[in-house]
Structures are given as C-alpha cells and as structure tokens.
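J.: give me the fold of what follows.
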Amino acid sequence: MKIRCAAILFAITFVVSAWTGSFAAAPEAPPVLMKLKSELIRAFEVIDTDLSRTAKQLARSGITGDNGKKALDQLCLRHPSAIDCAAIDPAGRMITIRPEHYKRFEQTNVSMQDQVARLRTTGKPVMSQVFTAAEGMKAVAIQHPVVGADNRFIGSVSMLLKPESFLASVIGPAMRNLPGKAWVMQLDGLILYDQDAGEIGRFLFTDPLYVPYPSLIETGRQMARSPEGRGRYEFLARGHEKVVSKIVNWTTAGLYGIEWRIAITREE
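T.: Residues are numbered from 1 along each chain as shown. Below is the predicted model:
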C-alpha cells in the first residue's frame, strides 16, 4: 500500500550544530529532520503492512471465532503502542476485540466515527484524527477493509493507537543522545507528543500557556498551512526558565491522507 505524505505536527527542539553545521544560514531541511520523516513513514508502512496481512487473515477465517481472535492478538502483539485491535462488521459494530481486557466493548456501534464512515463509503484504508474512542481514551484509529473471496465487504480491522507512545517509539531512538526537545501537533493545534509530558493534550492555538507568544502561534499556523518551511518564534526555553528565540524547519509525513507536520527547532 503506497503511503501518502500527510498531517500532524512534530516539532523537536535541540542543539543541532553537530548535525547541520550552519543551521541558521542553510535554507534546506536539516538532515535529522529528514531522518525523522523517513523513520515515521517507515513506522506507518509497518502498520499498513500488518493491517493488510491481518485483513487477509480475517477474510479467510471470518471476523469472529478463535482464528479471528488469534489474528487480532498477533496484530496487537507486534505493536506495543496499540491499545487494542478490533474486527468491525459491515454495520459498524465492533464484533471481536483483543486483548481480552477490552472484550466488554464488543457489540459497540462505532458506525458514526468519521474514519469508520469513510472506510464504509470508500472501501479504502483510513486513519483518524485524534478522537475519544468508545473505550474512553484519546486515540488514533487506523483501519483496513476486510474483503472476502467473492469481493464482498465483510467488515474491517482496526488498530487503536496511543499517539504519544507511537511517536515516542519513533522519535526516542532517532534522537538518542541528542540534547533538546520534541513535540508533535495535529493541524488543529492539538499537541500529541512532547518530551515535556505536561504539554501533551494542549492546543497550541488557544491554550493559556501559548497565548502570550503570538509569534509561536503564527508560526504554528504557517506550519499547519504549508507542508514544509522555515520560521522563527519566541517561547520558553526547555524547563520554562526564560523566553528565547527559536528557529524552526518543518516537513510532513502521514498516512492515508492524514498529515502530520515534523519540525526541528533550535535556540538562536
């Protein structure tokens, strides 16, 4: 399945001189930024491949029964960031959910969730924005259609992810031993991941923490509008000791039309 570049905003703060040399003078994206983009796309490709494989298994076994449970168990085990994995019937009900802890949510109707409706309409894989899942937490759902041998739509397979865990699993290894800070944001301003855990779940465009820094908000809006670019803004240094000026470069990665912005910043 071809991965399409798309939307959530990643900004990662650290000293980059060892990586990029003259960062401030260079208009091109820093190499570490492109490395992070590549790593994120690769992680999405693994999810896409595993969901496609599981969809084929469910097409053979059916979306209920022991074989269906086994396929979903295997899918979740391969992805530590997954909250649960579910088989959804054509009417939009979660018929089989693994692990067992979430079994109580079986038979829940999720047909009104945006990504479920899009998959049923298009017959194509989908990814959601962050939403409140039926299981009660903020999450991202990624789904593949399940199509039988007679080309009949028999449902879908869904993986529910913790975005902060997923992003940490990609950013952490790539940024190991580098000083600085990483954060990730949807186009609507929701911060999905930050090395400062206190910023996760805030909205950049409206949260009281960010309102005193209009250059940060305007740069965030520029990032939301443009898939790649460069800018400057003022915000608190890591640890929130003082206000500093920062330079930012950003690019884009994503899945199934959902875009995430990836950015690198450093103090001037």
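
J.: show me what S158 is bridged to.
T.: A86, Q143 (DSSP bridges).

J.: pLDDT score assigned to S111?
T.: pLDDT, the model's per-residue confidence, is 96 for S111.

J.: who touches it in this structure?
T.: By Cβ atoms under 8 Å, 6 or more residues apart in numbering, the residues touching S111 are A91, G92, R93, A117, R120. From N, CA and C alone the C-beta is placed, and that goes for glycine too.

J.: A helix includes it, no?
T.: No: per DSSP: H, G, I helix; E, B strand; the rest coil, S111 lies outside any helix segment and is coil.

J.: residue ranges with poor pLDDT in the stretch 151-268 of the chain?
T.: Across the stretch 151-268 of the chain, the ranges flagged by pLDDT under 70 are 177-181, 239.

J.: could you redo the last one with a cut-off of 90?
T.: The stretch 151-268 of the chain contains residues with pLDDT under 90 at 151, 171-185, 192-200, 236-241, 246-253, 261-268.

J.: and the strands in it?
T.: Secondary structure of the stretch 151-268 of the chain by DSSP state E, counting those that start in this stretch: the strands cover 153-161, 181-186, 191-194, 229-236, 243-255, 258-267.

J.: go on, the stretch 1-150 of the chain?
T.: So, for the stretch 1-150 of the chain - with DSSP E, counting those that start in this stretch - the strands run 8-13, 82-88, 94-98, 126-127, 131-132, 138-147.

J.: how about the longest one: buried residues?
T.: Neighbour counts over strand 138-147 (16 or more other Cβ atoms under 10 Å) mark A139, V140, A141, I142, Q143, H144, P145, V146, V147 as buried.

J.: ok, now stretch 162-173?
T.: Within stretch 162-173, the residues scored as buried using 16+ other Cβ under 10 Å are K162, P163, E164, F166, L167, A168, V170, I171.

J.: so who does Y210 touch?
T.: Counting by Cβ under 8 Å, 6+ apart, Y210 makes contact with R202, L204, L216, I217, F235.

J.: report how many residues lie close to S81.
T.: 20 (other Cβ atoms under 10 Å).

J.: my guess is it contacts V170. True?
T.: No: look at S81 against V170 with Cβ atoms under 8 Å: they stay out of range, at 9.5 Å.

J.: before we move on, the earlier item: if you average pLDDT over each of the strands of the stretch 1-150 of the chain, which is lowest?
T.: Among those, strand 8-13 scores lowest, with a mean of 42.

J.: find the nearest non-adjacent residue to Q115, please.
T.: Spatially, and ignoring its direct neighbours in sequence, Q115 is nearest to S128 (3.9 Å; Cβ to Cβ, 6 or more residues apart in numbering).

J.: separation between that neighbour and I258?
T.: 7 Å (Cβ to Cβ, to the nearest Å).

J.: ok, N67 next?
T.: 31 Å.

J.: okay, the two: which has more neighbours?
T.: Neighbour comparison, N67 and I258: the larger count goes to I258, with 20 against 14 (by other Cβ under 10 Å).

J.: quick check: bridge partners of the more buried one?
T.: Note on I258: beta-bridge partners by DSSP bridges are L255.

J.: now the one 5 residues further on
T.: In this entry, A263 is beta-bridged to A11, W250, by DSSP bridges.

J.: burial measure for it, as a count.
T.: With neighbours defined by other Cβ under 10 Å, the count for A263 comes to 28.

J.: again, but for F203
T.: Using other Cβ under 10 Å, F203 has 15 neighbouring residues.

J.: buried residues in stretch 202-214?
T.: Within stretch 202-214, the residues scored as buried using 16+ other Cβ under 10 Å are R202, L204, F205, Y210, Y213.

J.: and what of stretch 254-267?
T.: Applying 16+ other Cβ under 10 Å to stretch 254-267 flags G254, L255, Y256, I258, E259, W260, R261, I262, A263, I264, T265, R266 as buried.
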